[in-house]
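**Q** Let's see this in three dimensions:
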Amino acid sequence: MTAAAHVDPIAVRRALREAGTRPRRSLSQNFLVDVDVLDAILAEAAPGQGRRVLEVGPGLGVLTGALVDAGAAVVAVELDAALVRRLRGALAGAIERGERDPGGARTLLLVEGSILDVDVGELVPAPFDVVANLPYHITSPVLHRLLGGAPRPDRCVLMVQREVAERIAAPPGRMSYLSVFVQYHAGTRIARIVPPTAFEPAPSVESAVLVLDTRPPDDPRRLDPAVEDDLWRLVQAAFRERRKMLHNVLVRQLPLAAERVTAALATAGIAPDRRPQTLSVDEWLALRAALGPIAPDRRGRRADDEADA
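**A** Residues are numbered from 1 along each chain as shown. Down below sits the predicted model:
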């Protein structure tokens, strides 16, 4: 793919000057300048003619333009007003096509705002995919917004901090609340490690392209919403003390009698001295089923791990 061949640090700096702005640390703005990585993201997204794609943080519009050229119907949400103005000029043709043929192939709907504030369901109807170079400080809230309720995207191709990608895709033994949450909703795969030099300005950490293939509504592991709430209440409570024995943590953190926890762990085939990070998603599902309905926990707050980003 050669659509991004003109991208390099000098071109990015020039484009930002022309837009009257500069990279904003408060928005975690690091602009991708590695052509190979841009091509890899586009290959993972693989948009077909008329395929709806939600892009979070289009920035200077390099990937946006490539998605449009590939035939996608792109909805791009950008918080930075200066970049929105530049995108409106640079991609005017795609925006005009979108006004004539909303949702048609090779179109762009540009939305100024935060992805955390928009109604995704109203913005882009299912089925759709997500492509995003996520600001590192809002990775977890964005994942909860995209996966936590319908409509969910079919696939997400996300640039995130490497540490977070590895936490999300972690196997049992290194699980966190975030990895349980994401792996419950989607198959996870790290497609590529991305060095700091792939960005302008270069961040202080490595990044990764994370691919999430969302489980369909009829997946047998999906729970009814009310039952799913019990699952997250259970997992959140456990990860407040992720290095402690699971039996003791649950008795302390949830309004559950020790005998009930002991019996449920035995039914699920989970040793009481296991630590929360060692359980797989399937084991959490089995434990929730064995416990039955769970009343609101005593703390009324989320696990610290949920804020990982």
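
**Q** In contact with residue 133, which residues?
**A** With contact taken as Cβ atoms under 8 Å, 6 or more residues apart in numbering, residue 133 is in contact with 30, 32, 56, 57, 59, 63, 158, 159. For every residue, glycine as well, the C-beta is placed using N, CA and C.

**Q** Can you list which of these are found in helices?
**A** When DSSP state H is applied, the contacts of residue 133 are split such that residue 63 fall in helices.

**Q** List the buried residues in the helix or strand encompassing residue 252.
**A** Residue 252 is part of helix 246-253 when elements are defined by DSSP states H and E. Across helix 246-253, burial judged by 16 or more other Cβ atoms under 10 Å covers 246, 247, 249, 250, 251, 253.

**Q** try stretch 225-236
**A** Under 16+ other Cβ under 10 Å, the buried positions of stretch 225-236 are 230, 231, 232, 233, 234, 235, 236.

**Q** Next, work out how far apart the closest residue in space to residue 217 that isn't next to it in sequence and residue 44 are.
**A** Excluding the flanking residues, the one nearest residue 217 by Cβ to Cβ, 6 or more residues apart in numbering is residue 150, at 7.8 Å. Per Cβ to Cβ, to the nearest Å, residue 150 is found 23 Å from residue 44.

**Q** more crowded one of the two?
**A** residue 44 (19 against 9; other Cβ atoms under 10 Å).

**Q** got the contact list for the more buried one?
**A** Taking Cβ under 8 Å, 6+ apart, one finds 157, 191, 209, 211 in contact with residue 44.

**Q** Can you show me the strands along the stretch 1-150 of the chain?
**A** 31-32, 52-56, 73-78, 107-112, 129-133 (DSSP state E, counting those that start in this stretch).

**Q** pLDDT below threshold where in the protein?
**A** For the chain, the stretches with pLDDT under 70 are 1-10, 12, 16, 19-28, 297-309.

**Q** In terms of secondary structure, what does the helix ranked longest in it contact?
**A** Secondary structure of the chain per DSSP H: the longest helix is helix 225-238. Counting contacts by 3 or more Cβ pairs under 8 Å, 6 or more residues apart in numbering; DSSP states H and E, helix 225-238 packs against helix 177-185, helix 246-253, helix 281-291.

**Q** Any chance of a markdown table for these, columns distance to residue 37?
**A** Shown next, in a markdown table, are the helices and strands packed on helix 225-238 (distance: least, Cβ to Cβ, whole Å):
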| stretch | distance to residue 37 |
| --- | --- |
| helix 177-185 | 22 |
| helix 246-253 | 40 |
| helix 281-291 | 30 |
